[in-house]
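Trainee: with the input below, show me the fold.
(one chain, ligands or ions: 3)
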Amino acid sequence: MSEDHAGQPKAFPVSWDQFHRDARALAWRLSGQGEWSAIVCITRGGLVPAAIVARELGIRVIETVGVASYHEYKEQGSLQVLKPVDPEIIKLGEGGGSQVLIIDDLVDTGATARVVREMLPKAHFATVYAKPKGRPLVDTFVTEVSQDTWIYFPWDMGLTFQPPINQGAFG
Ligand SMILES: O=P(O)(O)OC[C@H]1O[C@H](OP(=O)(O)OP(=O)(O)O)[C@H](O)[C@@H]1O
Ligand SMILES: O=c1[nH]c(=O)c2nc[nH]c2[nH]1
Ligand SMILES: [Mg+2]
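Mentor: Ligands and ions are numbered 1, 2, ... in the order given. Below you'll find the model as predicted:
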């Protein structure tokens with residue numbers, strides 16, 4: 001039986017525990033790669049990993065950028081910026097986001113990353129997960145999943161009853 005997960009044939013469910021571990025692994029990979037004065041997190045998915053990375057790297061200036069995506073048009077770049085980045089944050093260091101670490105939960109088609117990178121061309125872009133199409137837009141990530149996989153984040157899930165295997169759970 002082929003299951004369908006948000007239009008993708010494969011599912012990659014992530015628990016809070018695993019997400020915390022993976023976000024901390026991202027912080028380990030980032031440590032020693034640069035000295036950042038601020039994090040810009042892409043809401044909403046970037047909020048949770050940004051909190052974890054900020055704690056690990058001792059970064060206390062946190063800015064948000066809000067981008068709304070319209071999934072059917074995403075690859076054509078039809079994204080709307082709902083909340084731009086504070087110009088004071090962009091100006092830090094040499095400008096262009098040179099002192100900024102951008103954090104998101106994942107990069108999929110890369111459409112969101114492309115829009116935010118244009119705002120902060122000199123920033124370091126980090127995500128916890130990456131799919132192949134978006135991977136070239138990310139400087140640092142932890143785990144790659146295939147393009148036909150849907151990642152389920154813990155804040156989007158709840159505990160539900162699972163039927164026993166012999167009662168058709170996989171029938
Ligand atoms: O590489 P892309 O194809 O652009 O997809 C990745 C983006 O999609 C998701 O955000 P979404 O726009 O669904 O909003 P959310 O963060 O509020 O959940 C995810 O958090 C990334 O920001
Ligand atoms: O929860 C999510 N999982 C994904 O795999 C994904 N790709 C884009 N946006 C996404 N949101
Ligand atoms: Mg997002």
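Trainee: CA atoms for contacts and neighbours, from now on please.
Mentor: OK.
Trainee: now do the strands in this protein.
Mentor: 10-13, 38-43, 62-69, 79-83, 100-107, 124-130, 143-144, 149-152 (DSSP state E).
Trainee: any residue of the fifth one up close to ligand 2?
Mentor: So the one you mean is strand 100-107. No: using CA under 6 Å from any ligand atom, strand 100-107 never reaches ligand 2; the gap is at least 7.0 Å.
Trainee: counting contacts, what elements does that strand pack onto?
Mentor: strand 38-43, helix 47-57, strand 124-130 (3 or more CA pairs under 8 Å, 6 or more residues apart in numbering; DSSP states H and E).
Trainee: could you give the angle of the second one to strand 62-69?
Mentor: It refers to helix 47-57. Angle between the axes of helix 47-57 and strand 62-69 is 150 degrees (criterion: axes from the mean of the first three to the mean of the last three CA atoms, to 10 degrees).
Trainee: same check, this time on the shortest one
Mentor: Our comparison of strand 38-43 with strand 62-69, counting by the same axes, to 10 degrees, yields an angle of 30 degrees.
Trainee: paired strands for strand 38-43, with orientation please.
Mentor: As defined by DSSP bridges, the strand partners of strand 38-43 come to strand 62-69 (parallel), strand 100-107 (parallel).
Trainee: which residues does Leu57 contact?
Mentor: When contacts are counted by CA atoms under 8 Å, 6 or more residues apart in numbering, Leu57 touches Ala27, Ser31.
Trainee: got a list of contacts for stretch 88-98?
Mentor: Stretch 88-98 is contacted from outside by Ser37, Ala38, Glu63, Gln99, Val100, Met119, Leu120, Pro121, Lys122, Ala123, His124, using CA under 8 Å, 6+ apart.
Trainee: oh, that last question was meant for stretch 131-148, not what I typed.
Mentor: 8-10, 22, 25-26, 29-30, 106-111, 113-114, 124-130.
Trainee: before we move on, what about stretch 101-110?
Mentor: Against stretch 101-110 from outside (CA under 8 Å, 6+ apart): 36, 38-43, 45-50, 74-75, 113, 123-135, 137-138, 147.
Trainee: roughly how far apart are the residue most central in space within the chain and Asp22?
Mentor: A centroid search over the chain (CA atoms, centre = their mean) returns Asp105, at 2.0 Å, as the residue closest to the centre. Using CA to CA, to the nearest Å, Asp105 is found at 10 Å from Asp22.
Trainee: returning to what we had before: and the strands paired with strand 38-43, which one's lowest on average pLDDT?
Mentor: Of all these, mean pLDDT reaches its minimum on strand 62-69 (a mean of 93).
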